[in-house]
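Asks: Any chance you could fold what I've pasted below:
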Amino acid sequence: MSSLVATMRDMNISSEPKSASRPNYGTSGRQFPCWVNAFEVTPSNITCYHYDVKILPDKPTTPPRLNRQIWAHLDENMNVFDGVPVAYDGRAMAYSPTKLPADEGTWEILLPEDDGGTSTTGKARMFTITIRYTRTIDLSKLGVFVRGGASDGTIPDASEIQSATQALNVLIQHGPALMYPSRAASFFLPPENKQHATIAKGLEMWRGFYTSLRAGPGKLFVNIDIASQPMYQSGDLPAVVLAFLRAQSRGISFADLSASKIPARAYVEVDRFVRNVKITLKAKGPDGIEPVRKIKSIERGSASDIRFQIEEKDYTVEPCVRVSKVAIWPLELCDVQPGQKYSKKLDPDQTAEAIKLTTVGPKDRVPMLRHGLGRIQPDNTQISPTNKAGALEKWGVKINREPMVVTARELQPPTINYKMRPVQPREGVWDMRGNHFHQAATIQSWLVFVFDSDRFFPVEQAQDSIMGLVSACQSVGLNITNQRPAIHYVPRGCDIAGFILSKGAELVQKEGRPPQMLICYLPRKPCDEYGVIKRFGDVEKGVATQCLFINKAKRGNNQYYGNVALKMNVKLRGQNSILDVAGLGPIAEKPTMVFGCDVTHPSPGSMAPSISALVGSMDSKCTLYGTSIRVQSSRIEIIAHFEEMVIELIKQFEAKLKTRPHRLIFFRDGVSEGQFSSTLATAVKTEVAAIRSAIEKLGGGYAPTVTYVVCGKRHHMSFFPKNDADADRKNFNVKSGTTIDTDITSPLQFDWYTQSHASLLGTGRSAHYTVLVDDNKFSADVLQQLVFNLTYARCTRSVSYVTPAYYADRVCTRAQLILKRDDDDSSTVISSHSGASEDKVRHQHLNEYVSRLKSIHPNHSESLYFM
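Replies: I've put the predicted structure just below:
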């Protein structure tokens, strides 16, 4: 393995940005065998042929689903490829294991309607497809690449590796994408038990599989992960409409499904919900086929207004759907076709149900992955579009049917220091009962507000909740002078900020000091009052705020209030706990500043700008953090104002500690697996360059060493302990501290996976770390242990990825809340603007947000106000 590391370190791939080389593989920690959701692939040695594909008309752009229907018709009905397993990506590229007879060909296709009938509109389903040869791709280069080079020392070019990987990914995904609904690299299977797959508002969850071919040190493998997709509930249309309406009115029945009994607002919502949904009409046409149509709208009149008689049966009760300018059908004669993706954001109830349905534990996951592989690489006895006479075999590709087993290491957790005694965590969790915060705050004055009626949260219950909170705070050393504060019920519809100010003025008059903390009881989650409260406390007045939701407070226990106390202390610049010196590792050796960076984007369709955040440690123990927030152009992943943000926080560090940091360690969040290759290049050139420029502008010969690490959880690798003895006691996940840096990592870069937290539900998701710059020349063991230790922060559980990046994510979320306008997601929808005006509106919004962005109040400098 060490020789492979040396070989990879010497590789020069000119088209990729140069990132930090792997110094060595980690060795610390207890080793144990671990399954991963990766299946080794025998590399193909053939040369394949790349073809460009163009389908006309292409305006509007034909979606991949329709393109694949056209391709399947070309292949199966017209037999253009004569049995050659040509793989198509659904857009513009195809790959063949043998050269096709002609370098270019064009075919006219009259695509049958979805119901199997012939188009009634002539040109509506007529397409022209052109396939043109472009180049050859040598797939054997992949095997040479993962082995570290050829016998003569030559290394394949990066473009060759990328092309070969892309060709095999298209091959692996081709068959399932033809047979099942798909999304990017995932395909989805119909549920075996439809009733168990149903979620709120007329939807159902389909499970499926994500696939991606990867190159690891010494081997190729296909990463297979479980995916899920909400679909429109299939079957009887009246049942789907009822399921949607019952989310607001549970008692509604089939008898109520008449236009006069559906409230006007619900009518508009259900019309939006079913618009463009494909339905089968349960009445055969002259050709003996039940036609398939798209719903244009729901008609306000009932069927009795229109008077139907179909096949000698009258339909006079239910509302109707319009499927064309002249055709209207009663709901009961319509079936929703299966496999129609629902692309809008799920509401909180749907999300909760979807999570419950799609959660899969480690013990169940491995058999499901084998099942997914069977859909990609069926047995030789199965002939299908996926395995047309052994398509993968004809390409020389064979996927091992058993998941890979790799060697994982369980890192030791750090010692956590409290005021009274140190604590040793176990499996990512520890107990601080009988202990006090390392540095507890004192609350001398505070106010309590209830944003609900005293009928729903009586003053007695509010007082009991406050007493429970006070008791929990006192038990961990957080001293509260006034243990029975006045409880103020906020009048509905009042000026919230003005009401809080008036009660604060009364407190100043009574006690001679303003409140240090506002405790706010809220009726529901989410609610509009939350944003107003945080804007008031974080920006306008600089007072700490802590919100509790009434339903939780009513049944609150010591653990619940203890968790609230953990948040309250850090918002008042207290230190809940600190790592011991050994746990801080290189941070304890010299003045070091640890940064977390993130960019968050608006919801789909919104033209609101993106928000970037940088947090930086302000003490030697990495417990206090300063924050810097900027607004930037929408959906730009790179942090636009990085240089000035770095300068701002280094100056804050210097003002507090009277020295500049000698080491700068950056953890960059917000980069998904799909974005990583492109973001890697721009990050090295832009963000790291901004750090260097900031250092230079600080002057005085300042030359700290820089380490820049990208971290993220939006990847598809999962780990499962092979032996129960190595598993978490509760749900058989790998234990906190599990680290893998061999076999499934990059053959070129310094990267690794660490699962730092104890998983509560389903299969745990590790964090993936990739080092792009390392002036500090950390060894693998030193940096991996430091990263793991830094996941132990303010609470009594380790978090899922390194704390500074986690904090940056929270700051971005808070900034979005503070800056949010009421119409951000309704009146600023992209589809309502032309291309030119869209850019203008985006620019206007950016300028407006910049003008509204106010600095976080100085009272919150170095406090974790965003928790």
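
Asks: in which helix or strand would I find residue 27?
Replies: For residue 27, there is no enclosing helix or strand under DSSP states H and E.

Asks: Check the gap between it and residue 585 for me.
Replies: Look at residue 27 and residue 585: by CB to CB, to the nearest Å, they are 16 Å apart. C-betas here are computed from N, CA, C, even on glycine.

Asks: Counting neighbours, go ahead and name the busier of these two.
Replies: Of the pair residue 27 and residue 585, residue 585 is the one with more neighbours under other CB atoms under 10 Å, namely 20 against 10.

Asks: so when I look at the more buried one, I'm seeing a helix, right?
Replies: Yes - counting by DSSP: H, G, I helix; E, B strand; the rest coil, residue 585 is part of a helix.

Asks: Helix or strand: which one has the closest residue to it other than its chain neighbours?
Replies: Once flanking residues are discounted, residue 585 sits nearest to residue 786: 4.6 Å by CB to CB, 6 or more residues apart in numbering. Using DSSP H and E, residue 786 sits in helix 780-789.

Asks: one step back: tally of neighbours for the residue nearest to residue 585?
Replies: By other CB under 10 Å, 21 other residues sit near residue 786.

Asks: got the contact list for it?
Replies: 584, 585, 586, 587, 778 (CB atoms under 8 Å, 6 or more residues apart in numbering).

Asks: And it, how close does it get to residue 596?
Replies: 14 Å.

Asks: One more: residue 244?
Replies: From residue 244 across to residue 596, the span is 41 Å (CB to CB).

Asks: next one: residue 771
Replies: Between residue 771 and residue 596 the distance is 16 Å, computed by CB to CB.

Asks: More neighbours: which of these two?
Replies: The neighbour count for residue 771 versus residue 596, taken as other CB under 10 Å, is higher for residue 596 (29 against 23).

Asks: right, and the more buried one touches residue 801 too?
Replies: No - in this structure residue 596 lies outside contact range of residue 801 using CB atoms under 8 Å: 9.8 Å.

Asks: Could you tell me which residues touch both of those two?
Replies: Residues touching both residue 596 and residue 801 (CB under 8 Å, 6+ apart) are residue 669.

Asks: by contact count, what packs against the helix or strand containing residue 688?
Replies: In the assignment (DSSP H and E), residue 688 maps to helix 688-698. Secondary-structure packing of helix 688-698 (3 or more CB pairs under 8 Å, 6 or more residues apart in numbering; DSSP states H and E): helix 642-657, strand 663-668, strand 705-712.

Asks: What residues sit buried inside the first one?
Replies: Of the residues in helix 642-657, those buried under the neighbour-count criterion (16 or more other CB atoms under 10 Å) are 642, 643, 645, 646, 647, 648, 649, 650, 652, 653, 654.

Asks: Out of the residues you listed, the closest to residue 374 would be?
Replies: Distance to residue 374 across those (CB to CB) is lowest for residue 642, with 46.9 Å.

Asks: Once you drop chain neighbours, what's closest to the closest one?
Replies: The spatially closest residue to residue 642, leaving aside those adjacent along the chain, is residue 690, at 3.9 Å (CB to CB, 6+ apart).

Asks: next one: residue 402
Replies: Counting by CB to CB, 6+ apart, the residue nearest residue 402 is residue 39, at 7.4 Å.

Asks: what do you get for residue 440?
Replies: Nearest one to residue 440, counting by CB to CB, 6+ apart, is residue 477 at 3.8 Å.

Asks: for the protein, what are the low-confidence residue spans?
Replies: 1-18, 115-124, 258-260, 301-318, 379-389, 670, 672-684, 821-836 (pLDDT under 70).

Asks: report the longest helix in it, please.
Replies: helix 158-179 (DSSP state H).

Asks: If you count neighbours, what's buried in that helix?
Replies: Within helix 158-179, the residues scored as buried using 16+ other CB under 10 Å are 158, 160-161, 163-179.

Asks: With stretch 25-39 instead?
Replies: For stretch 25-39, the neighbour count (16+ other CB under 10 Å) marks 25, 26, 28, 29, 32, 34, 35, 36, 37, 38, 39 as buried.

Asks: How about stretch 618-626?
Replies: Burial within stretch 618-626, assessed by neighbour count using 16+ other CB under 10 Å, is assigned to 618, 620, 621, 622, 623, 624, 625, 626.

Asks: Kindly report the same for stretch 243-262.
Replies: Across stretch 243-262, burial judged by 16+ other CB under 10 Å covers 243, 244, 245, 247, 252, 257, 259, 262.

Asks: The second one and residue 339, how far apart?
Replies: I take that to be residue 244. From residue 244 over to residue 339 the distance is 19 Å, taken as CB to CB.

Asks: and the gap between the spatially most central residue of the chain and residue 585?
Replies: In the chain, the residue lying closest to the centroid (CA atoms, centre = their mean) is residue 714, at 5.5 Å. In this view, residue 714 and residue 585 are 27 Å apart by CB to CB.

Asks: Residue 766 - how many residues pack around it?
Replies: Neighbour count for residue 766, taken as other CB under 10 Å: 23.

Asks: Need phi/psi at it.
Replies: With angles defined as degrees, to the nearest 10, residue 766 sits at phi -80, psi 170.

Asks: Who are the contact partners of it?
Replies: Residue 766 makes contact with 713, 717, 718, 719, 738, 740, 753, 754, 755, 756, according to CB under 8 Å, 6+ apart.

Asks: For residue 484, state which of the buried residues of helix 642-657 is nearest.
Replies: Nearest to residue 484 among the buried residues of helix 642-657: residue 652, at 38.1 Å, using CB to CB.

Asks: Just to check, that closest one is in contact with residue 861?
Replies: Yes - using CB under 8 Å, residue 652 is in contact with residue 861, at 7.1 Å.

Asks: Neighbours of the nearest residue to residue 635 once chain neighbours are set aside, how many?
Replies: Leaving aside its sequence neighbours, residue 635 sits nearest to residue 601 (CB to CB, 6+ apart; 5.2 Å). Neighbourhood size, residue 601 [other CB under 10 Å]: 17.

Asks: wait, isn't residue 601 in contact with residue 633?
Replies: No - judged on CB under 8 Å, residue 601 makes no contact with residue 633 at a distance of 10.5 Å.

Asks: Overlap of the contact sets of these two?
Replies: Joint contacts of residue 601 and residue 633 (CB under 8 Å, 6+ apart) are residue 610.

Asks: rewinding a little: residues touching the residue nearest to residue 635, list them.
Replies: Neighbouring residues of residue 601 by CB under 8 Å, 6+ apart: 610, 634, 635.

Asks: before we move on, what about residue 694?
Replies: By CB under 8 Å, 6+ apart, residue 694 lies in contact with 642, 643, 644, 646, 647, 650.

Asks: which residues in the stretch 51-200 of the chain form strands?
Replies: Using DSSP state E, counting those that start in this stretch, the strands of the stretch 51-200 of the chain run over residues 87-88, 93-96, 104-110, 126-138, 182-183, 186-189, 198-199.

Asks: quick one: residue 343 is in a helix?
Replies: No - looking at residue 343 with three-state DSSP, it is coil, so not inside a helix.

Asks: how far away is it from residue 240?
Replies: 17 Å.

Asks: can you check residue 479 too?
Replies: Taking CB to CB, one finds residue 479 at 58 Å from residue 240.

Asks: what comes up buried for stretch 463-482?
Replies: Using 16+ other CB under 10 Å as the burial criterion, the residues of stretch 463-482 that qualify are 465, 466, 468, 469, 470, 472, 473, 475, 476, 477, 478, 480.
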